[in-house]
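[1] predicted coordinates and the sequence they were generated for:
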Amino acid sequence: MKMYFLWILFLWVIISCGQKEEKNPYIPVSTFDAATQISDNKNSQDSIIWYTDLESLPANLDLVTHLSLREKGYDEIPAVIFKFKNLKTLDLSLHNISAIPEEISRLSQLESLTMAYGHLESIPPSIAKLKKLKELNFLYNDLKSLPESIGELDELEELNMNGNPISVIPETLFNIQGLKFLGLKQPGEASLFSASKQEEIRRRLPNCTVKFY
């Protein structure tokens with residue numbers, strides 16, 4: 001009986017050693033090259049492709065869903081970006097871009113737009129056509145106002161305007177029932193919103209965390 005168990009143990013060791021190590025399908029963002037695809041099936045429509053460089057684009061731009069183009073020295077948004085029909089995430093932080101062109105409306109699948117730490121001065125009304133937007137991050141720019149059409153973004157959950165000299169928000173913003181975070185912290189120490197206005201905004205957005213400081 002003892003020899004039988006030893007024989008079974010010996011076979012188990014041989015089988016275990018012969019098994020191939022399973023590859024980890026998840027790759028940290030920090031290891032991404034200019035283009036990295038994460039997928040068990042290269043032909044899968046659910047492939048996640050991150051691009052951090054416009055110099056090396058795939059032949060089929062429809063495959064690109066995520067673009068992180070921080071600190072590239074742009075003075076305007078490169079026109080090629082508006083050709084990415086399936087783009088879901090776009091990060092254009094740390095640039096000298098002062099305006100978002102009307103063509104932004106072409107990115108109909110966009111869910112997250114980040115343009116932080118820049119010189120953005122205006123947002124076009126056409127941004128309202130991005131019906132799938134859930135996050136807008138304009139942290140520390142030069143925005144003094146928002147378009148009235150912002151209230152048409154029914155799926156919007158986060159609007160970060162911290163660090164902008166904005167003193168008025170459009171009435172339509174209160175139409176966004178699912179808004180969970182609104183950042184209105186001013187560049188200086190004092191808020192441009194009066195105490196009564198702050199109270200009113202918080203009252204009219206009861207399910208939203210609003211930051212003034």
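    Received, thanks.
[2] strands of the protein, start to end?
    35-38, 48-51, 66-68, 89-91, 112-114, 135-137, 158-160, 181-183, 209-211 (DSSP state E).
[3] so, low pLDDT: which residues of this protein?
    Applying pLDDT under 70 to the chain flags the ranges 1-48.
[4] tell me, what residue is most central in it?
    With distances taken as Cα atoms, centre = their mean, Ser112 lies nearest the centre of the chain, 3.2 Å away.
[5] hmm, it is touching Leu87, no?
    No - using Cβ atoms under 8 Å as the test, Ser112 is too far from Leu87 to be in contact (9.8 Å). In short, each C-beta sits where N, CA and C put it, glycine included.
[6] could the strands of the chain be laid out in JSON lines, adding distance to Leu120?
    Shown next, in JSON lines, are the strands of the chain (distance: least, Cβ to Cβ, whole Å):
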{"stretch": "strand 35-38", "distance to Leu120": "27"}
{"stretch": "strand 48-51", "distance to Leu120": "22"}
{"stretch": "strand 66-68", "distance to Leu120": "17"}
{"stretch": "strand 89-91", "distance to Leu120": "13"}
{"stretch": "strand 112-114", "distance to Leu120": "11"}
{"stretch": "strand 135-137", "distance to Leu120": "11"}
{"stretch": "strand 158-160", "distance to Leu120": "12"}
{"stretch": "strand 181-183", "distance to Leu120": "15"}
{"stretch": "strand 209-211", "distance to Leu120": "19"}
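[7] out of these, nearest to Arg106?
    strand 89-91 (11.8 Å; Cβ to Cβ).
[8] if we can go back for a sec, between the strands of the chain, which gets nearest to Glu199?
    Of these, nearest to Glu199 by Cβ to Cβ is strand 209-211, at 10.2 Å.
[9] strand partners (parallel or antiparallel) of that closest one?
    strand 181-183 (parallel) (DSSP bridges).
[10] circling back: beta partners of the residue nearest to the centre of the chain?
    Thr89, Glu135.
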